[in-house]
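1. task: produce atomic coordinates for the following.
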Amino acid sequence: MRLLLLSNSTAPGHGPLEHAREEIADALGGARRMLFVPYAQADHDAYTAAIAGALAPLGVEVRGAHTADRPAALLEEADAVFIGGGNSFRLLTALHRHGLIPAIRAKVAAGALYMGSSAGTNMACPTLRTTNDMPIVQPPSFDALGLVPFQINPHYLDPVPGSTHMGETRAKRIAEFHEENDVPVLGLREGTWVRADQGRLTLGGVAAGAVLFGRGLAPVEYGPGADLSALLHTEPAFDSPLG
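-> This is a model prediction of the structure:
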């Protein structure tokens with residue numbers, strides 16, 4: 001299974017996907033036809049155009065899933081699929097509505113590259129449960145694509161020492177997740193990503209790296225280049241019903 005899961009699509013001082021362009025080019029290999037899934041944002045045309053412009057220097061032809069009555073049919077012509085960021089609840093609702101959950105799973109199992117950023121990275125997990133987003137719509141289920149057996153928290157933010165903010169930190173919210181579920185959660189800081197290829201999972205991106213949370217375990221820090229392949233063999237244990 002070939003995966004490239006980005007914490008974010010745009011980094012400060014860079015255009016869309018520019019900070020990860022070399023990694024994207026390498027992950028794509030010879031793939032030149034990409035299906036882009038823009039449902040996490042409201043303006044599908046503008047979002048697709050922005051991604052098409054960002055990938056044009058790589059010689060990639062981008063088509064938006066929203067341009068067909070049956071978006072899943074467009075997967076037949078694609079070498080890769082990319083799900084962009086925005087609101088995860090809106091995105092997952094659309095994936096279920098258009099029958100894209102089983103279609104994308106099958107396409108990736110057949111060897112196509114799956115790329116995700118932010119909400120699209122959430123979609124690669126077993127469930128929606130570690131998103132940062134507000135539930136602006138209600139999906140029929142929290143079940144996502146399940147391309148990896150662990151959870152990811154994109155845009156992970158460390159607690160700020162001396163902060164007077166009284167709301168939950170990201171670490172606290174993940175701890176609450178582990179009160180109900182025994183599944184590892186990888187907190188991907190801005191500018192980082194994980195890439196899966198040939199059974200190996202590697203952390204890439206900026207020096208800030210990522211932090212791994214487990215139920216009853218102290219958080220573990222990882223830097224770029226870390227081998228996280230053991231996470232691919234996780235057996236998810238969700239203590240409350242999905243959906």
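2. mind checking the SS state of the residue nearest the centre of the chain?
-> Geometric centre of the chain, nearest residue: residue 121, 0.4 Å, by C-alpha atoms, centre = their mean. Following DSSP: H, G, I helix; E, B strand; the rest coil, we place residue 121 in the helix state.
3. quick check, it in contact with residue 7.
-> Yes - between residue 121 and residue 7 there is a contact under C-beta atoms under 8 Å: 6.8 Å. For glycine as for every other residue, the C-beta is placed from the backbone atoms N, C-alpha and C.
4. ok, now how distant is the residue lying closest to residue 114 once chain neighbours are set aside from residue 126?
-> In space, and not counting its chain neighbours, residue 114 is closest to residue 108: 4.7 Å by C-beta to C-beta, 6 or more residues apart in numbering. Per C-beta to C-beta, to the nearest Å, residue 108 is found 14 Å from residue 126.
5. picking up where we left off before, so which helix or strand takes in the nearest residue to the residue nearest to the centre of the chain once chain neighbours are set aside?
-> Sequence neighbours aside, residue 5 is the residue nearest to residue 121 in space, at 4.3 Å (criterion: C-beta to C-beta, 6+ apart). According to DSSP states H and E, residue 5 maps onto strand 2-6.
6. give me the mean pLDDT for that strand.
-> Mean per-residue pLDDT for strand 2-6: 98.
7. for it, C-alpha coordinates in PDB please.
-> Extracted C-alpha coordinates of strand 2-6, given in PDB (Å, rounded to 0.1, in the frame of the first residue of the first chain):
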ATOM      1  CA  ARG A   2       1.400   3.400  -1.000                       C
ATOM      2  CA  LEU A   3       0.400   6.300   1.200                       C
ATOM      3  CA  LEU A   4       1.600   9.900   1.700                       C
ATOM      4  CA  LEU A   5      -0.200  11.600   4.600                       C
ATOM      5  CA  LEU A   6       0.500  15.200   5.200                       C
END
